[in-house]
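1. sequence first, predicted coordinates after that:
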Amino acid sequence: MKFPRALFSIVLLATAPLLANAQLTGNVSLTTNYKFRGQDQDASKARAVKPAIQGGFDYAFGESGFYVGNWNSSVDWLPRNSIESDIYGGYKFKAGSVDLDVGLLTYIYPGNSNGNTTEVYGAATFGPVTAKYSHTLSKDYFAYAGPGFKGRNTGYLNLAFAQEVAPKITVKASVGYTRFGGDIVAPNYIDYSVGGAYDFGSGLSLGAAVVGANKKDYFGPVNQSRVIVTLTKTL
């Protein structure tokens, strides 16, 4: 019994500085439509306004660069499931004037595990531009391949721009490319987002953007362009 207690004490002493400087932040949002990589996450209705409530938290371990977090949203594209819950963790660091971020993220659908997907990601930010690549490690990619088939090695590349152009006003734009892997027969596609946000102060902001994707002839209404308005409160 002495060894485990001693080991626990060593671990506690080693992690104490990280825990002492840890920072916990939270957020909650109400959006007119939840799109993920250009696609509606409520496929039950063919209309532009399909409100979703979202929120989560981030826990940063001081200045170490390590972090963990959770983010959740209402969804409606899988049978017997109405919630998406994301769990992630990673490490942020600098290389000269470039901010780097690497981590692991799992998308969980409690009511239907067929949609569960795990990705590893890496991002680099230089000034107002961020490039991020995500690579699927799980057997399937959001149930695209189907039971008994594989969607592993699907990749997603996103280029994003965010720049404050006036006090409290930030312009944002992004373009992404999904390259399907494994047994997925759906065509690769491009998604886009153009808009901005206004900061009211005290952690309250309002964003608006035109979001959509191409290949509408294959994916149908979920890839249609939508004007999405999102109210966010950071806690």
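-> On my side now, so go ahead.

2. who touches stretch 76-93?
-> 40-44, 50, 56, 65-75, 99-112, 114-115, 121, 143, 222 (CB atoms under 8 Å, 6 or more residues apart in numbering). Every C-beta, even on glycine, is put in place using the N, C-alpha and C of the backbone.

3. among those residues, which are in strands?
-> 40, 56, 66-74, 99-108, 121 (DSSP state E).

4. before we move on, back to that, can you select the buried ones from the contacts of stretch 76-93 in PyMOL?
-> Buried residues within the contacts of stretch 76-93, by 16 or more other CB atoms under 10 Å, are selected in PyMOL with:
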select buried, resi 40+41+42+43+50+56+66+67+69+70+71+72+73+74+75+101+103+105+107+108+109+115+121+143+222
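
5. just the strands in the chain please.
-> Under DSSP E, the chain gives strands at 23-31, 35-36, 39-40, 52-60, 66-74, 83-95, 98-108, 117-126, 129-136, 155-166, 169-179, 189-201, 204-213, 226-234.

6. which of the ones you listed is buried the deepest?
-> strand 39-40 (a mean of 26; mean count of other CB atoms under 10 Å).

7. quick one: strands adjacent to that strand?
-> strand 35-36 (antiparallel) (DSSP bridges).

8. how far does the strand it pairs with sit from its chain's centre?
-> 9 Å (CA atoms, centre = their mean, to the nearest Å).

9. swap in stretch 148-168?
-> 8 Å.

10. same question, stretch 135-147
-> 17 Å.

11. buried residues in that stretch?
-> For stretch 135-147, by 16+ other CB under 10 Å, it's 135-136, 138, 140-145.

12. got a markdown table for the strands of the chain, with distance to Phe149 too?
-> As requested, the strands of the chain are arranged in a markdown table below (distance: least, CB to CB, whole Å):
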| stretch | distance to Phe149 |
| --- | --- |
| strand 23-31 | 32 |
| strand 35-36 | 21 |
| strand 39-40 | 20 |
| strand 52-60 | 29 |
| strand 66-74 | 26 |
| strand 83-95 | 22 |
| strand 98-108 | 18 |
| strand 117-126 | 14 |
| strand 129-136 | 13 |
| strand 155-166 | 17 |
| strand 169-179 | 17 |
| strand 189-201 | 19 |
| strand 204-213 | 23 |
| strand 226-234 | 30 |
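
13. now the ones you listed as JSON lines including mean pLDDT?
-> Listed next are the strands of the chain as JSON lines, based on pLDDT from 0 to 100:
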{"stretch": "strand 23-31", "mean pLDDT": "98"}
{"stretch": "strand 35-36", "mean pLDDT": "98"}
{"stretch": "strand 39-40", "mean pLDDT": "98"}
{"stretch": "strand 52-60", "mean pLDDT": "98"}
{"stretch": "strand 66-74", "mean pLDDT": "98"}
{"stretch": "strand 83-95", "mean pLDDT": "98"}
{"stretch": "strand 98-108", "mean pLDDT": "98"}
{"stretch": "strand 117-126", "mean pLDDT": "98"}
{"stretch": "strand 129-136", "mean pLDDT": "98"}
{"stretch": "strand 155-166", "mean pLDDT": "98"}
{"stretch": "strand 169-179", "mean pLDDT": "98"}
{"stretch": "strand 189-201", "mean pLDDT": "98"}
{"stretch": "strand 204-213", "mean pLDDT": "98"}
{"stretch": "strand 226-234", "mean pLDDT": "98"}
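
14. if I look at Gly111, how far off is Val75?
-> Applying CB to CB, to the nearest Å, the value for Gly111 to Val75 is 10 Å.

15. again but with Ser113, I slipped
-> From Ser113 to Val75 the distance is 14 Å (CB to CB).

16. is it correct that Val120 is in contact with Ser138?
-> No - applying CB atoms under 8 Å as the test, Val120 and Ser138 come out as separate, 10.4 Å apart.
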